[in-house]
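Trainee: A structural model of the following input is requested.
(one chain, ligands or ions: 1)
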Amino acid sequence: MEKLNGKKINTAIFISGRGSNLNSLINHFKKKNSKLLIKLVVSSNPKARGLIYAKKSKIKTYISNTKEKKYSEKMLLNKIINQKIDLVCLAGFMKILSKKFIRKFKKPILNIHPSLLPKYKGLNTHKKVIENKDKFSGSTVHRVSSKLDSGKIILQKKIKVSKNDNEKSLEKKILKIEHKLYPKAIEKFLS
Ligand code: GRF
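Mentor: Below you'll find the model as predicted:
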């Protein structure tokens, strides 16, 4: 990522729900000497629980849920350009950004996906792991490209799936590792 001459990297985090990854990113990057400034939290859902974390930390929020996708994305793009956002991190954002949005933003977009990519792109990853009796699962932080969950991998963390695991317990285990993995991957990406 291009260096910004000692200036902080203005970052927007996009969420849709619980926001536990947002919370861990806020806690990690609030350090004084952090290279990154979380300037904006975008939610596709006005009722997302995760918005609480933004409000607690006095981070600006923006709701992007206009019905017409094209219009919604256009407004969102204007917003992040106006806010001089240098980096977007998706954290449980349930909308798929269009190719046009990705191209027009021009700056990097990262995502965290709860599987060992390239295995299990898309939804219901934990369900698939349990059904297929996989021995391992994990989480991946990657660049967002125009193909779903297919951009360059930045960092991946693997965990063992135990015989007693079900979808819920696996989700819990993976979330726990994600809270460390995402900040670490962002640091790596910025270094
Ligand atoms: C995480 O498991 C993330 O990998 C996936 O969506 C989930 C979001 O959880 N993309 P939260 O909203 O951060 O708690």
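
Trainee: flag every residue of this structure that's near the ligand.
Mentor: Residues of the chain that fall close to the ligand, judged by C-beta under 6 Å from any ligand atom: 15, 17-22, 50, 91-92, 112-114, 139, 175, 178. C-beta coordinates here come from the backbone N, C-alpha and C atoms, glycine included.

Trainee: out of the residues you listed, which are inside strands?
Mentor: Among the residues of the chain next to the ligand, the members falling in strands (DSSP state E) are 15, 112-113, 139.

Trainee: and the helices in the protein?
Mentor: 20-29, 51-56, 69-82, 99-105, 125-131, 167-190 (DSSP state H).

Trainee: which residues are in contact with the first one?
Mentor: I take that to be helix 20-29. With contact meaning C-beta atoms under 8 Å, 6 or more residues apart in numbering, helix 20-29 is reached by 11, 13, 15, 34, 36-38, 41, 50, 53-54, 57, 59, 89, 91-92, 112, 175, 178-180, 182-183, 186.

Trainee: repeat that for the fifth one.
Mentor: Defining contact as C-beta under 8 Å, 6+ apart, one finds that helix 125-131 is touched by 113-115, 120, 137, 161, 165-167, 170-171, 174.

Trainee: on that earlier part again, of the residues of the chain next to the ligand, buried ones?
Mentor: Buried by 16 or more other C-beta atoms under 10 Å: 15, 17, 19-22, 50, 91-92, 112-114, 139, 175, 178, out of those.

Trainee: contact partners for the residue of the chain found nearest the ligand?
Mentor: For the chain and the ligand, the shortest gap (C-beta to the nearest ligand atom) falls at residue 92, measuring 2.7 Å. If a contact means C-beta under 8 Å, 6+ apart, then residue 92 has 15-19, 21-22, 50, 112 as its contacts.

Trainee: same thing with residue 105?
Mentor: Residues counted as contacts of residue 105 (C-beta under 8 Å, 6+ apart) are 77, 80-81, 88.

Trainee: and with 10 Å instead?
Mentor: 73, 76-77, 80-81, 85, 88, 97, 144 (C-beta atoms under 10 Å, 6 or more residues apart in numbering).

Trainee: same thing with residue 166?
Mentor: Applying C-beta under 10 Å, 6+ apart to residue 166 gives the contacts 126-127, 130.

Trainee: which among those residues end up buried?
Mentor: Among the contacts of residue 166, those scoring as buried are 126, 130 (criterion: 16+ other C-beta under 10 Å).

Trainee: any chance of the contacts of residue 166 in JSON lines, plus pLDDT?
Mentor: Formatted as JSON lines, those follow (pLDDT from 0 to 100):
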{"residue": "126", "pLDDT": "98"}
{"residue": "127", "pLDDT": "98"}
{"residue": "130", "pLDDT": "98"}
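
Trainee: phi, psi of the nearest residue to residue 69 once chain neighbours are set aside?
Mentor: Leaving aside its chain neighbours, residue 69 sits nearest to residue 98 (7.2 Å; criterion: C-beta to C-beta, 6 or more residues apart in numbering). Main-chain torsions, residue 98, degrees, to the nearest 10: phi -70, psi 160.
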